[in-house]
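> Here is my input, please return the structure:
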Amino acid sequence: MNLEVFFIDSFTNKVFGGNPAGVIFHSDPIDETLMQAIAAENNLSETAFINTQNDNQIRFFTPELEVDLCGHATLASAFVFFNYLDKPQDKITFSSKRGELIADKTEKGIKLILPKDNPEPFAEIDLFSNMLGCKVLEVYRGIDDFMVVVEGETEVKDMKPDFNEISKLDSRGLIVTAHGVDVDFVSRWFGPQTGVDEDPVTGSAHTLLTPYWSQKLGKNIMNAKQLSKRGGFLICEVKNKAIEITGQAKLYLRGSIEL
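Below is the predicted model of the structure:
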């Protein structure tokens, strides 16, 4: 078996920025055990597999497990589709375990239409203050992640979380967020329980962040930064039942896997 593989840096306009994802489009079935082995070998936060013979079914694997939704790997997959698969379309719909994921090619980049997540208040604030080593103002829970709000951008940037304690959470990961200085809001995402201590740019986390900050700031369209070492920039918009996230991407590597 020979599979073409792309490594794409998502939510950035330069190589070595944003969040790298592996992308593999395939027409023959691939066993999920093999998908997991390839994702572990790639050792990126996510590798996406798209079955072109099954409604562009997309599956996402970290080096350790499969997850239902990944924004930056969806962006990377759309970027490959638009630029390297000799397809004239400006729109692609992926079928995922969270339903349809739509990507549109626009002048500002690639716009993702992802399912909206609604933050639900969570009471145990002290638990999160201890694991993050700073004052936590609010805690919420979404479908996948916990989300905590802290006082400011400096607290988010300088945070030194206890990954051992975060790994004990019954969630995919933990989002930390605050109002931004030169953008509307900033964040970081930690997920040691999925094999990724810190994700550079987490598109899916913004399906939870965007509704919160939209209500807080009274804005439907917002600019956001993820303050990881690599960093990333996103344009986020709230719709009725969806979140639209726009970002750019760059090709880092194109090659083949021989099995």
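> Need the phi and psi values for the nearest residue to residue 61 once chain neighbours are set aside.
Excluding its sequence neighbours, the residue lying closest to residue 61 (CB to CB, 6 or more residues apart in numbering) is residue 39, at 3.6 Å. Where C-beta positions appear, they are placed from N, C-alpha and C, glycine not excepted. Residue 39 adopts backbone torsions of phi -60, psi -40, taken as degrees, to the nearest 10.
> To what extent is residue 39 buried, counted in neighbours?
Look at residue 39: counted by other CB atoms under 10 Å, it has 26 neighbours.
> State the pLDDT value of it.
Residue 39 is assigned 98 on the pLDDT scale.
> let's have the chain start at 71 instead
In the new numbering, first residue 71, that becomes residue 109.
> ok, it touching residue 94?
No. Look at residue 109 against residue 94 with CB atoms under 8 Å: they stay out of range, at 9.6 Å.
> Between the two, which contacts overlap?
residue 117 (CB atoms under 8 Å, 6 or more residues apart in numbering).
> does the closest residue to residue 255 other than its chain neighbours sit in a helix, a strand or a coil?
Using CB to CB, 6+ apart and skipping the chain neighbours, the partner closest in space to residue 255 is residue 283 (4.6 Å). Here residue 283 is recorded as helix under DSSP: H, G, I helix; E, B strand; the rest coil.
> wait, residue 123 sits on residue 97?
Yes. With contact defined as CB under 8 Å, residue 123 and residue 97 form a contacting pair (5.0 Å).
> Would you list the phi and psi of residue 107?
phi -70, psi -40.
> Which stretches in this structure count as helices?
For the chain, the helices defined by DSSP state H cover 102-112, 141-154, 195-202, 223-228, 233-236, 276-287.
> Rebuild the ones you listed as a markdown table, extending it with distance to residue 164.
Shown next, in a markdown table, are the helices of the chain (distance: least, CB to CB, whole Å):
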| stretch | distance to residue 164 |
| --- | --- |
| helix 102-112 | 15 |
| helix 141-154 | 7 |
| helix 195-202 | 33 |
| helix 223-228 | 31 |
| helix 233-236 | 29 |
| helix 276-287 | 15 |
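> returning to what we had before: check contacts around the residue nearest to residue 131.
92, 116, 117, 131, 132, 133 are the contacts of residue 109 under CB under 8 Å, 6+ apart.
> With residue 75 instead?
Applying CB under 8 Å, 6+ apart, we find residue 75 in contact with 92, 93, 94, 112, 323, 324, 325, 326, 327.
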